[in-house]
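> I would like to see how this sequence folds:
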Amino acid sequence: MMTSAEIRQQFLDFFRSKGHTIVPSAPIVIKNDPTLLFTNAGMNQFKEYFLGDKMPPYGRVADTQKCLRVSGKHNDLEEVGVDTYHHTMFEMLGNWSFGDYFKKEAISWSWELLTEVFKLPKDRLYATVFEGDEKEGLPASVIALQKWKEFLPEDHIVFGNKKDNFWEMGDTGPCGPCSEIHVDCRSDEERKKIPGKDLVNKDHPQVIEIWNNVFIQFNRKKDGTLEPLAATHVDTGMGLERLVRVLQNKTSNYDTDIFSGTISATEKIVHKKYDGSDSKQAVAFRVIADHIRAISFTIADGQLPSNTGAGYVIRRILRRAVRYYYSYLDYKQPLLHQLLPVLAKQFEHVFPELIQQLDFVTKVVKEEEDAFLKTVDKGLSMLNEASRDISGEEAFKLYDTFGFPLDLTKLVAGEKGLNVDEKGFEIEMKQQKDRSRAATTLETEDWITVLSEVEGSKAGSVERSRNTGFVGYDSLETKSRIVKYRKVKAKSKTLYQIILDTTPFYAESGGQVGDTGLLTINNELLTIIDTKKENDLIIHFAETIAADMNGEAIAKVDGARRKHITVHHSVTHLMHAALRNVLGTHVAQKGSLVNEEHLRFDFNHFAKMTDAEIAAVEKLVNEKIRENIPVVIKSMPKEEATKLGAMALFGEKYGDVVRVVIMDPNYSIELCGGTHVGSTGELGLFKIKSEGAVAAGVRRIEAVCGAAAEEYVNNTFVEISAIRGLLKNPADLNKSVENLLTENSTHQKRIESLEARQLVGIRNELMQKDEIINNVTFIGDIIEVPNADALKKLCFDLKHHLHDHVVVLCSNIDGKAHVAISISDTVVVAKNLDAGKIIKEHVSGLIKGGGGGQKNLATAGGQDVSNLKGVIEKVKSLIS
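Model prediction:
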């Protein structure tokens, strides 16, 4: 039986023999494409070739691509692991033709590989063919049909509609018919009962698609019409996990050697066995085996877990895995990080970035697990304390904040005899999705072409297609022409995207922000407010366009702003090298931002930097600045750059030829596409403003250089001078400040002591005002206290002196209404009262404010002090 590694290699070797160049996987984390967070298909890294924005270096390529999907058809995250053949991260084997071969060759090679190399039984294979679409004016795929008839009987060829057999990149863009290959893995007995043809594309777990050949030959326009492409392309994808399952004769992807090592390691850790069933325990094993791959490879490619964007997706995946081992494997401590050595070893020869960063990724995963396990405990405590049915809003909060799926909330609630408002939960979920969709929706109109390809070849489009239309390294102003433009709308704001034949504007990339400036055309001035990259296409953003966009244009970058940005970028290289000198060579960049105001630099390191370390980094950088080292920039083959010792960043996609920035060959050599000064002396002064943690094992430095550093130092001296003046210009400023702090601390303690005595007196007075209502001790009063915190302190104090009680305390503090409500646990249960709910439903409106809290203690603040008596009467009425 072939291993998954052998199967992967045979695929690549086969297409190499067919004249394909084997290219590496692109990072799983997408950059320079606003439409995607992650690589979700093999074609993503070739998108610019299909769009015609860049000339492909090869006519034929093949690869294995790391992909991630957590939404869309069959890819709901909550379903992964429940079945046996869908995944978050997966490997997509693919072969590609860019204007070279087409349908006949693609289908022939698919058949040859599957039947002659992999030896799949021919009678178990089925092919789908596009049946055409009258409404779109699309004919059936006759060429594909005729080719398949050479290999398969007609009862093994299935016609598919536009939904199943017409692939589209998105609402607009390249598209075309596709032809899928399905395999019937059922037993002979089952195959006799129901023909495989009847189960193709019917979601049968044993009749599955393993390969899709997409024939890209149209462009979908904004108005929905299709136009033929000048060149046709082939885009194929075959999921390695499914292929291995078929070739290893397994009924589940998780039984293959792709996942068996991880599952076996998990068994040893949790002391339980995986049985492959549909039980929650078996699902937990599958969830862990799947999710650890998605988590670890995205972190290795540079995406840290966070609360926004791609980072939030990774955090959700990680938390789902934790939830499953916590709940269904009864494992209450971090588990995922223990699996990383097994995974890194398994993929070291195909995706080496994980084993190269094993310690770092392990630390990040473990800290995320530790943090979430504490959150899970908190969420379970909330559920266990529940004494009434769980509302949809509460169930959604448990899902969104604590990562609890609805079924777990129902399980815990059911054990307590409580119901969960599932309909309310679904409403909350839909509202969140709608909000998220509205925030990220980008409406784009069709490109309006101004400069034709024929004209463009005279004006530089040949260079542009080879990605050399950027002249901004050497010039900040150039004559140009507009190639095309379009209107876009995001968050109700209308902008225009403009593509220039030649541009000096640097597009946001590698942490460096995009240029701004002016575009003059036909005596009209357009302000360029930003420049970004989209699939290697440099896009200029403007709020308006000219009446006439034809003719010569003058593109001019804001030179002063670019200079400040460039200074911060060049000093980032010096600082990176200094960090490696001072802290150790384990330091590597994990993220950066370079703009005109400052630089922000994230790097892996295991501890907070000491003041001495920060000073040492500053000293070394400033020494290199004073040395006025020439900044040498060269283009060379990537292999040559690597031999030279150039640092590359994990998660970045590099071409065969790279740009190398050298600031002393013995000090700093990095691969970089950003703008830089001519020599380090231009940087002036460097100063670190702050250093702190941003994630497990990741530190962040914020610093300034050049004019920004001078301004920062000057402002600091002004502040120190002002403090000296306030303190009567003491000889020893530090000593004077220390004495002031000590004196303040002494006075603060005295004030707190006096306030405590005052609160004891108020407490005693309040206890004289209690009344019994329906066997509940009630105290309600408007009192004078120094601050809102005093109300809470009184509530805590009274709690120790009262039993079954409800206390509502109000105060007018500096013209603002403040309320605190305390309810004993016994009354919470007996009277079904909730202090937090009372605040939200009855108190907030009366005082024109808001607040909240727990069932037994809640507070509120508001603008209206006139209704404090009404607050007391309202709370009193709830127990009357």
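
> Helices of the stretch 51-200 of the chain, start to end?
Assigned by DSSP state H, counting those that start in this stretch, the helices in the stretch 51-200 of the chain fall at 103-112, 142-149, 162-165, 188-193.

> possible to save these as TSV with mean neighbour count?
Backbone N, C-alpha and C define where each C-beta goes, glycine included. Conversion of these to TSV gives the following (neighbours: other C-beta atoms under 10 Å):
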stretch	mean neighbour count
helix 103-112	19
helix 142-149	18
helix 162-165	17
helix 188-193	10
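
> tell me the contacts of N253?
With contacts taken as C-beta atoms under 8 Å, 6 or more residues apart in numbering, N253 has the following neighbours: T84, Y85, H87, E241, R242, V244, R245, F259.

> Just give the closest residue to H540, not the sequence neighbours.
Leaving aside its chain neighbours, H540 sits nearest to I498 (4.4 Å; criterion: C-beta to C-beta, 6 or more residues apart in numbering).

> V657 is nearest to which of the helices of the stretch 51-200 of the chain?
helix 103-112 (29.6 Å; C-beta to C-beta).

> From the chain's centroid, how far away is that closest one?
On the basis of C-alpha atoms, centre = their mean, to the nearest Å, helix 103-112 is displaced by 37 Å from the centre of the chain it belongs to.

> and that helix, average pLDDT?
Across helix 103-112, pLDDT averages out at 96.

> Could you export it as PDB, CA atoms only?
Backbone C-alpha positions of helix 103-112 (Å, rounded to 0.1, in the frame of the first residue of the first chain) are rendered in PDB as follows:
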ATOM      1  CA  LYS A 103      -9.700  20.000 -22.400                       C
ATOM      2  CA  LYS A 104      -8.500  17.100 -24.300                       C
ATOM      3  CA  GLU A 105      -5.000  16.900 -22.700                       C
ATOM      4  CA  ALA A 106      -6.300  17.600 -19.200                       C
ATOM      5  CA  ILE A 107      -8.900  14.800 -19.400                       C
ATOM      6  CA  SER A 108      -6.500  12.400 -21.000                       C
ATOM      7  CA  TRP A 109      -3.900  12.900 -18.300                       C
ATOM      8  CA  SER A 110      -6.400  12.700 -15.500                       C
ATOM      9  CA  TRP A 111      -7.500   9.300 -16.800                       C
ATOM     10  CA  GLU A 112      -3.900   8.100 -17.300                       C
END
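
> Show me the contact partners of it.
14-15, 18, 95, 97, 127, 141, 143-144, 147-148, 151, 179, 181, 211, 213, 215, 234, 236.

> Could I get the full set of helices for the stretch 201-350 of the chain?
With DSSP H, counting those that start in this stretch applied, the stretch 201-350 of the chain shows helices at 240-247, 260-270, 280-300, 309-328, 336-346, listed in chain order.

> Distance to T516 for these - can I get that in JSON lines?
Shown next, in JSON lines, are these (distance: least, C-beta to C-beta, whole Å):
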{"stretch": "helix 240-247", "distance to T516": "45"}
{"stretch": "helix 260-270", "distance to T516": "48"}
{"stretch": "helix 280-300", "distance to T516": "32"}
{"stretch": "helix 309-328", "distance to T516": "24"}
{"stretch": "helix 336-346", "distance to T516": "43"}
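
> Moving C-terminal from the least confident helix or strand in the chain by mean pLDDT, which element do we reach first?
Among the helical and strand segments of the chain, the one scoring lowest on mean pLDDT, DSSP states H and E is helix 461-465, with a mean of 34. Under the assignment DSSP states H and E, the closest C-terminal helix or strand after helix 461-465 is strand 477-490.

> contacting residues around V117?
Per C-beta under 8 Å, 6+ apart, neighbours of V117: Q10, F14.

> Surely K332 and L373 touch.
Yes - checked against C-beta atoms under 8 Å, the pair K332 and L373 is within contact range at 7.1 Å.

> what's the overlap in contacts for the two?
Common neighbours of K332 and L373, counting by C-beta under 8 Å, 6+ apart, are Y326.

> The two: who's more crowded?
The neighbour comparison of K332 against L373 (other C-beta atoms under 10 Å) goes to L373, with 19 against 11.

> ok, now how distant is that one from Q854?
Going from L373 to Q854 by C-beta to C-beta, to the nearest Å gives 22 Å.

> low-confidence ranges in the stretch 451-600 of the chain?
Counting by pLDDT under 70, the low-confidence segments of the stretch 451-600 of the chain come to 452-468.

> ok, the residue nearest to G678 when sequence neighbours are not counted to H598 distance?
Spatial nearest neighbour of G678, excluding adjacent residues (C-beta to C-beta, 6+ apart): V631 at 6.0 Å. Taken as C-beta to C-beta, the spacing of V631 relative to H598 amounts to 20 Å.

> and what of S187?
Relative to H598, and taking C-beta to C-beta, S187 is found at 66 Å.

> These two: who's more crowded?
A count of neighbours by other C-beta under 10 Å puts H598 above the other of S187 and H598, at 18 against 10.

> quick one, what contacts L620?
Under the criterion of C-beta under 8 Å, 6+ apart, the neighbours of L620 are A578, N581, V582.

> Most neighbours out of those, which is it?
Using other C-beta under 10 Å as the neighbour test, the contacts of L620 are led by A578, with 24 neighbours.

> who does the helix or strand encompassing it touch, helix- and strand-wise?
For A578, the enclosing helix or strand under DSSP H and E is helix 559-583. Packed against helix 559-583 by the contact rule (3 or more C-beta pairs under 8 Å, 6 or more residues apart in numbering; DSSP states H and E) you find strand 589-594, strand 599-604, helix 611-626, strand 657-663, strand 668-671, strand 686-695, strand 698-705, helix 707-726.

> The ones you listed: which one's closest to A62?
Put simply, out of the helices and strands packed on helix 559-583 the one that sits nearest A62 is strand 657-663, at 21.3 Å, with distance taken as C-beta to C-beta.

> Let me see the mean pLDDT of that closest one.
If you average the pLDDT values across strand 657-663, you get 94.

> and it, which residues are buried?
Of all the residues in strand 657-663, those buried under the rule 16 or more other C-beta atoms under 10 Å are V658, R659, V660, V661, I662, M663.

> from those, which single one is nearest T64?
Using C-beta to C-beta, the shortest approach to T64 within these belongs to V658, at 22.7 Å.

> Please report how far the closest one lies from L644.
V658 is 10 Å from L644, where distance means C-beta to C-beta.

> Overlap in contacts, the two.
Taking C-beta under 8 Å, 6+ apart as the contact definition, V658 and L644 share the neighbouring residues M636.
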